[in-house]
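just the structure for this:
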Amino acid sequence: MHHNLTGEKMNIEKQFNRIAEEYDSNRRKFIPCFDDFYKNTTKFITSKIKAPKQIVDLGAGTGLLTYFWYQQCPNSKYMLVDIADEMLNVARKRFHGIENISYQIENYMHRLPDIFFDTVISALSIHHLEDKDKKNLFARIYDRLPQGGLFVNYDQFCAGQTEMDHWFDSFWESQLANSGLTDKDIALWKERRRLDRECSARQEVDMLKDSKFKTVTCVYSYQKFSVIVAIK
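Residues are numbered from 1 along each chain as shown. Next comes the predicted model:
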C-alpha cells in the first residue's frame, strides 16, 4: 500500500511545498499544534485501519487534510467537497496529475456527494455550523457510511465552561500575537472568529453517539484543537 517515495510521491511533495509556501504557511502559524494535529494524528488513525476505498473530505479547502491522508493512503480515492471553487482550485494545483482525487463544489450541509464512500474526513469546517446542523450532518453521514465506516473530524472546540473557555481563547490569542502573523492576518482572524459556533469536544462526542456511531473517541486534544474518530 505504501509507496516509498516513488516518483509520484516526490512529485506531490514538490507541488505541496510550492502550494504550502503560498497558502499554507499561515495555517501553521494559526495552529500551534499543527504537526500533531494534522500529521501525527493522521498517521496514528491510518495505521489502525485498512486503506479506505473512497474518502470524502468535507470543507476540503486547499486540500491540506487530504494531503496528509494521501501520504498514508495513496491508493484510496478522494473527493474534495467545498463551497468555494477558488479554494478547490488551489487543491487542483496541489494534486495536479493525480487521478484518484476529484472535486465537487457543494455545500455539504445541503447534500453529501452522490457516490459510495467508506470514510469521511473534515478539518476546521464543521465548527461553523450551529449545533442542530452539526447533529443533522452527523446523522446523514452515519446513514451513508457502510458498517465499519469511519468519520474523522479535526476541528476547533470550546472548553465548555466559561472560565476555561477564557483560558483557551486568551492563550491562543497571545500565541498568535507572537507567531509572526501580520496585524492584518490577526484582524481577519478575529473577523472569522465571529462565524464560529464551537461546541466542546465532549459535546460533539455525545452528538456522534446520539447519531448511533458505535465507537466515538477524542483521539487527540490540545486546548482548542481536537480530533474525534467515530466508527459506524
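
from residue 92, how far off is the residue lying farthest from the centre of the chain?
Taking C-alpha atoms, centre = their mean, the residue of the chain most remote from its mean C-alpha position is residue 163, at 27.2 Å. Here residue 163 is placed at a distance of 45 Å from residue 92 (C-beta to C-beta, to the nearest Å). The way it works is simple: take the backbone N, C-alpha and C, and place the C-beta from them, glycine included.

which other residues reach the helix or strand where the residue farthest from the centre of the chain lies?
For residue 163, the enclosing helix or strand under DSSP states H and E is helix 162-177. For helix 162-177, contacts defined as C-beta atoms under 8 Å, 6 or more residues apart in numbering pick out 29-30, 32, 158-159, 186, 189, 223-224.

alpha carbons of it, as CSV, please.
Extracted as CSV, the C-alpha positions of helix 162-177 are listed here (Å, rounded to 0.1, in the frame of the first residue of the first chain):
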residue,chain,number,x,y,z
THR,A,162,-16.9,29.9,30.8
GLU,A,163,-13.7,30.3,32.8
MET,A,164,-11.8,27.6,30.9
ASP,A,165,-13.1,29.0,27.6
HIS,A,166,-11.4,32.2,28.5
TRP,A,167,-8.2,30.4,29.3
PHE,A,168,-8.3,28.6,25.9
ASP,A,169,-9.1,31.8,23.9
SER,A,170,-6.8,34.2,25.6
PHE,A,171,-3.8,31.8,25.4
TRP,A,172,-4.5,31.1,21.7
GLU,A,173,-4.7,34.9,21.0
SER,A,174,-1.4,35.5,22.9
GLN,A,175,0.3,32.7,20.8
LEU,A,176,-0.9,34.3,17.6
ALA,A,177,0.5,37.7,18.6
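
how about residue 220, phi and psi?
phi -150, psi 140 (degrees, to the nearest 10).

likewise the one 10 residues further on?
Backbone dihedrals for residue 230, given as degrees, to the nearest 10, come out at phi -130, psi 130.

my read: it touches residue 218, true?
No - counting by C-beta atoms under 8 Å, residue 218 is not a contact partner of residue 230; they are 10.3 Å apart.

just to revisit the earlier point, quick one: distance of the helix holding residue 163 to the chain centre.
22 Å (C-alpha atoms, centre = their mean, to the nearest Å).

buried ones in that helix?
By neighbour count with 16 or more other C-beta atoms under 10 Å, helix 162-177 contains the buried residues 165, 168-169, 172, 176.

the residue nearest to the spatial centre of the chain and residue 167, how far apart?
In the chain, the centroid-proximal residue (C-alpha atoms, centre = their mean) is residue 123; its distance is 1.6 Å. Separation of residue 123 from residue 167 (C-beta to C-beta): 24 Å.

and if you look at residue 228?
21 Å.
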